[in-house]
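Participant: following is a predicted model, sequence given first.
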Amino acid sequence: MTLKDQLLVVPANAEAAFIPPQPEVPAKARAKAEDTGPTLEEALARNEALTEKIEALDAVLAKPLSEILADREKAEEAALAWDRFGAMWMLSQRAMRRVALDLAAQLGVSEEEVVARAMANANAVLNGADEVDLGGTIAPAQMQHIARHRNFLRKQFK
């Protein structure tokens, strides 16, 4: 820095007031000065939430590693079982659809008519109008299961 950079030359005007230059404040410092931070209530709430998270993590870490891994293995086994069940369900649905469409084609019924009849039957079951057990292939437990999820299933068959 040279001497010229440090000196301030004031014009020779008697009416002009001397205004010293304002030091430049970096934008980051300005933003920090303007930011007042969280309120006391917000800080206490955040502290409480973090304390709960730490306590939950401490509870997990207090377990022996073998127990933690066993819990994870059980969860993975359950997830795999549900995934396999879903695959089996999709396979059976596709197979039954193919059978229904093949039989319909033999009878001269269009795919649209098959789908419309399937939707009508699904809605009849959902609305409680169809309590037929289809020759023993539908157990009462299955009907109860459908009833428990009726609201969700109605959204699927609209």
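Facilitator: Nice, I can see it.

Participant: going by C-alpha atoms from here, please, whenever you check contacts or count neighbours.
Facilitator: Will do.

Participant: just the mean pLDDT for the helix or strand harbouring residue 116, thanks.
Facilitator: Using DSSP states H and E, residue 116 falls within helix 111-126. In this model, helix 111-126 carries a mean pLDDT of 86.

Participant: show me where pLDDT drops low in the protein?
Facilitator: Along the chain, segments meeting pLDDT under 70 span 1-22, 25, 27-35, 128-139, 156-158.

Participant: export the helix holding residue 116 as PDB, just CAs?
Facilitator: Coordinates of each C-alpha in helix 111-126 appear next as PDB, following Å, rounded to 0.1, in the frame of the first residue of the first chain:
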ATOM      1  CA  GLU A 111     -61.000 -57.000 -23.100                       C
ATOM      2  CA  GLU A 112     -62.900 -53.800 -22.200                       C
ATOM      3  CA  GLU A 113     -65.900 -55.900 -21.100                       C
ATOM      4  CA  VAL A 114     -63.700 -58.100 -19.000                       C
ATOM      5  CA  VAL A 115     -62.100 -55.100 -17.300                       C
ATOM      6  CA  ALA A 116     -65.500 -53.500 -16.700                       C
ATOM      7  CA  ARG A 117     -66.900 -56.700 -15.200                       C
ATOM      8  CA  ALA A 118     -63.700 -57.100 -13.000                       C
ATOM      9  CA  MET A 119     -64.200 -53.500 -11.700                       C
ATOM     10  CA  ALA A 120     -67.900 -54.100 -11.000                       C
ATOM     11  CA  ASN A 121     -67.000 -57.300  -9.100                       C
ATOM     12  CA  ALA A 122     -64.300 -55.500  -7.100                       C
ATOM     13  CA  ASN A 123     -66.700 -52.700  -6.200                       C
ATOM     14  CA  ALA A 124     -69.300 -55.200  -5.200                       C
ATOM     15  CA  VAL A 125     -66.800 -56.800  -2.800                       C
ATOM     16  CA  LEU A 126     -65.700 -53.500  -1.400                       C
END
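
Participant: can you name the next helix or strand after that helix?
Facilitator: helix 140-148.

Participant: in the very next helix or strand once past that following helix, what counts as buried?
Facilitator: Where DSSP H and E defines the elements, the next helix or strand beyond helix 140-148 is helix 150-156. Neighbour counts using 16 or more other Cα atoms under 10 Å place residue 150 of helix 150-156 among the buried residues.

Participant: can you name every helix or strand that helix 150-156 contacts?
Facilitator: Packed against helix 150-156 by the contact rule (3 or more Cα pairs under 8 Å, 6 or more residues apart in numbering; DSSP states H and E) you find helix 111-126.
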